[in-house]
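Asks: Any chance you could fold what I've pasted below:
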Amino acid sequence: MKKAILLIAFVLGTFAVQAQELKWETDVNKAISVSNSTNKPLLLFFTGSDWCGWCIRLQKEVLKTPEFAKWAKDNVVLVELDFPRRTPQSDEIKTQNNGMQQAFGIQGFPTIYFATAKIKDGKPNFTGIGSTGYVSGGPAAWLAVADGILKAK
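Replies: As a prediction, the model looks like this:
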(Lines give C-alpha, C1' and ligand atoms only; values in the text may rest on other atoms or scores of the structure.)
Protein backbone atom coordinates (compact mmCIF):
# COMPACT_ATOMS: atom_id res chain seq x y z
CA MET A 1 0.00 0.00 0.00
CA LYS A 2 2.83 2.38 0.88
CA LYS A 3 4.51 1.73 -2.47
CA ALA A 4 1.28 2.46 -4.36
CA ILE A 5 0.86 5.80 -2.58
CA LEU A 6 4.48 6.73 -3.29
CA LEU A 7 4.10 5.76 -6.94
CA ILE A 8 0.94 7.86 -7.31
CA ALA A 9 2.62 10.82 -5.58
CA PHE A 10 5.64 10.48 -7.88
CA VAL A 11 3.51 10.34 -11.05
CA LEU A 12 1.42 13.34 -10.00
CA GLY A 13 4.57 15.23 -9.06
CA THR A 14 6.08 14.48 -12.46
CA PHE A 15 3.01 15.91 -14.23
CA ALA A 16 3.09 19.05 -12.05
CA VAL A 17 6.80 19.60 -12.74
CA GLN A 18 6.30 19.02 -16.47
CA ALA A 19 3.51 21.62 -16.61
CA GLN A 20 5.62 24.13 -14.66
CA GLU A 21 8.65 23.73 -16.94
CA LEU A 22 7.03 25.66 -19.77
CA LYS A 23 8.89 28.81 -20.71
CA TRP A 24 6.55 31.74 -21.37
CA GLU A 25 8.47 34.58 -22.99
CA THR A 26 7.41 38.13 -22.16
CA ASP A 27 9.89 39.82 -24.53
CA VAL A 28 8.40 39.64 -28.02
CA ASN A 29 11.71 40.22 -29.82
CA LYS A 30 13.37 37.38 -27.88
CA ALA A 31 10.39 35.12 -28.65
CA ILE A 32 10.68 35.95 -32.36
CA SER A 33 14.35 35.00 -32.27
CA VAL A 34 13.52 31.65 -30.63
CA SER A 35 10.67 31.12 -33.10
CA ASN A 36 12.93 31.70 -36.08
CA SER A 37 15.72 29.47 -34.74
CA THR A 38 13.33 26.59 -33.92
CA ASN A 39 11.03 27.12 -36.92
CA LYS A 40 7.98 27.09 -34.61
CA PRO A 41 5.17 29.65 -34.73
CA LEU A 42 4.44 32.00 -31.86
CA LEU A 43 1.51 31.40 -29.54
CA LEU A 44 0.64 34.90 -28.31
CA PHE A 45 -1.49 34.70 -25.15
CA PHE A 46 -3.28 38.00 -24.50
CA THR A 47 -4.46 37.80 -20.89
CA GLY A 48 -5.57 39.71 -17.85
CA SER A 49 -3.91 37.28 -15.47
CA ASP A 50 -5.10 38.76 -12.21
CA TRP A 51 -8.63 39.89 -13.07
CA CYS A 52 -10.00 38.06 -16.15
CA GLY A 53 -12.07 35.07 -15.05
CA TRP A 54 -11.98 33.36 -18.46
CA CYS A 55 -8.18 33.84 -18.65
CA ILE A 56 -7.74 32.24 -15.24
CA ARG A 57 -10.06 29.41 -16.26
CA LEU A 58 -8.14 28.82 -19.53
CA GLN A 59 -4.89 28.69 -17.58
CA LYS A 60 -6.29 26.22 -15.05
CA GLU A 61 -8.13 23.94 -17.48
CA VAL A 62 -5.68 23.94 -20.40
CA LEU A 63 -2.46 25.95 -20.24
CA LYS A 64 -1.21 24.43 -16.99
CA THR A 65 -1.91 20.81 -17.90
CA PRO A 66 0.62 18.13 -18.85
CA GLU A 67 -1.17 17.61 -22.20
CA PHE A 68 -0.70 21.27 -23.13
CA ALA A 69 2.91 21.27 -21.90
CA LYS A 70 3.82 18.35 -24.16
CA TRP A 71 1.99 19.86 -27.14
CA ALA A 72 3.52 23.31 -26.63
CA LYS A 73 7.09 22.01 -26.41
CA ASP A 74 6.63 20.27 -29.75
CA ASN A 75 4.67 22.93 -31.63
CA VAL A 76 5.01 26.57 -30.53
CA VAL A 77 6.99 29.30 -28.81
CA LEU A 78 4.91 30.62 -25.91
CA VAL A 79 4.51 34.37 -25.41
CA GLU A 80 2.49 35.90 -22.59
CA LEU A 81 1.17 39.40 -23.19
CA ASP A 82 -0.36 40.28 -19.85
CA PHE A 83 -2.60 43.21 -18.93
CA PRO A 84 -2.82 42.88 -15.14
CA ARG A 85 -4.60 45.33 -12.85
CA ARG A 86 -2.83 44.54 -9.58
CA THR A 87 0.48 42.99 -10.62
CA PRO A 88 3.20 45.56 -11.36
CA GLN A 89 4.89 45.58 -14.78
CA SER A 90 7.77 47.58 -16.19
CA ASP A 91 6.91 50.49 -18.48
CA GLU A 92 8.76 48.67 -21.28
CA ILE A 93 6.51 45.58 -21.00
CA LYS A 94 3.36 47.72 -20.74
CA THR A 95 4.33 49.64 -23.89
CA GLN A 96 5.21 46.43 -25.76
CA ASN A 97 1.97 44.69 -24.74
CA ASN A 98 -0.20 47.69 -25.63
CA GLY A 99 1.47 47.88 -29.03
CA MET A 100 0.87 44.18 -29.61
CA GLN A 101 -2.78 44.54 -28.57
CA GLN A 102 -3.23 47.33 -31.13
CA ALA A 103 -1.28 45.51 -33.84
CA PHE A 104 -3.46 42.40 -33.54
CA GLY A 105 -6.71 44.27 -32.88
CA ILE A 106 -7.36 42.39 -29.64
CA GLN A 107 -10.80 43.33 -28.31
CA GLY A 108 -11.20 40.90 -25.42
CA PHE A 109 -9.42 38.46 -23.16
CA PRO A 110 -8.37 35.74 -23.33
CA THR A 111 -7.26 35.76 -26.94
CA ILE A 112 -4.60 33.43 -28.28
CA TYR A 113 -3.13 34.40 -31.61
CA PHE A 114 -0.82 32.15 -33.64
CA ALA A 115 1.69 33.96 -35.85
CA THR A 116 5.11 33.88 -37.39
CA ALA A 117 7.38 36.91 -37.42
CA LYS A 118 10.60 38.37 -38.70
CA ILE A 119 12.46 41.41 -37.44
CA LYS A 120 12.62 43.96 -40.26
CA ASP A 121 14.35 47.32 -39.76
CA GLY A 122 14.37 46.70 -36.01
CA LYS A 123 10.61 46.12 -35.84
CA PRO A 124 8.63 42.88 -35.77
CA ASN A 125 6.72 42.00 -38.93
CA PHE A 126 3.99 39.44 -38.13
CA THR A 127 2.14 37.02 -40.36
CA GLY A 128 -1.03 35.80 -38.67
CA ILE A 129 -2.03 32.15 -38.75
CA GLY A 130 -5.23 32.25 -36.71
CA SER A 131 -6.70 32.87 -33.29
CA THR A 132 -8.81 31.30 -30.57
CA GLY A 133 -9.77 31.90 -26.98
CA TYR A 134 -11.34 29.78 -24.31
CA VAL A 135 -12.67 26.46 -25.65
CA SER A 136 -14.78 24.32 -23.35
CA GLY A 137 -13.98 20.64 -23.05
CA GLY A 138 -10.55 20.74 -21.46
CA PRO A 139 -7.14 20.29 -23.03
CA ALA A 140 -8.20 17.79 -25.72
CA ALA A 141 -10.85 20.13 -27.13
CA TRP A 142 -8.59 23.18 -26.99
CA LEU A 143 -5.66 21.34 -28.58
CA ALA A 144 -7.90 20.08 -31.40
CA VAL A 145 -8.78 23.70 -32.24
CA ALA A 146 -5.12 24.77 -32.01
CA ASP A 147 -3.96 21.89 -34.22
CA GLY A 148 -6.60 22.85 -36.79
CA ILE A 149 -5.28 26.41 -36.88
CA LEU A 150 -1.65 25.33 -37.19
CA LYS A 151 -2.39 22.75 -39.90
CA ALA A 152 -4.19 25.38 -42.00
CA LYS A 153 -1.03 27.52 -42.25
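Asks: what bridges to N125?
Replies: Beta-bridge pairing for N125 (DSSP bridges): K118.
Asks: quick one: contacts for it?
Replies: Neighbour list for N125: 117-119 [criterion: CB atoms under 8 Å, 6 or more residues apart in numbering]. For glycine as for every other residue, the C-beta is placed from the backbone atoms N, C-alpha and C.
Asks: From T116, how far off is it?
Replies: Distance of N125 to T116, given as CB to CB, to the nearest Å: 10 Å.
Asks: for L43, same thing?
Replies: Going from L43 to T116 by CB to CB gives 11 Å.
Asks: Which one's more surrounded, those two?
Replies: L43 (25 against 18; other CB atoms under 10 Å).
Asks: Could you verify my assumption that that one touches E80?
Replies: No. The pair L43 / E80 is not scored as a contact, 9.5 Å apart, by CB atoms under 8 Å.
Asks: Could you tell me which ranges of the chain sit under the pLDDT cut-off?
Replies: In the predicted model, the chain carries pLDDT under 70 at residues 1-20.
Asks: how about the strands in it?
Replies: Under the criterion DSSP state E, the chain contains strands at 42-47, 77-82, 111-120, 123-132.
Asks: Which of the residues in the last one are classified as buried?
Replies: If I follow you right, that is strand 123-132. For strand 123-132, the neighbour count (16 or more other CB atoms under 10 Å) marks 124, 126, 129-132 as buried.
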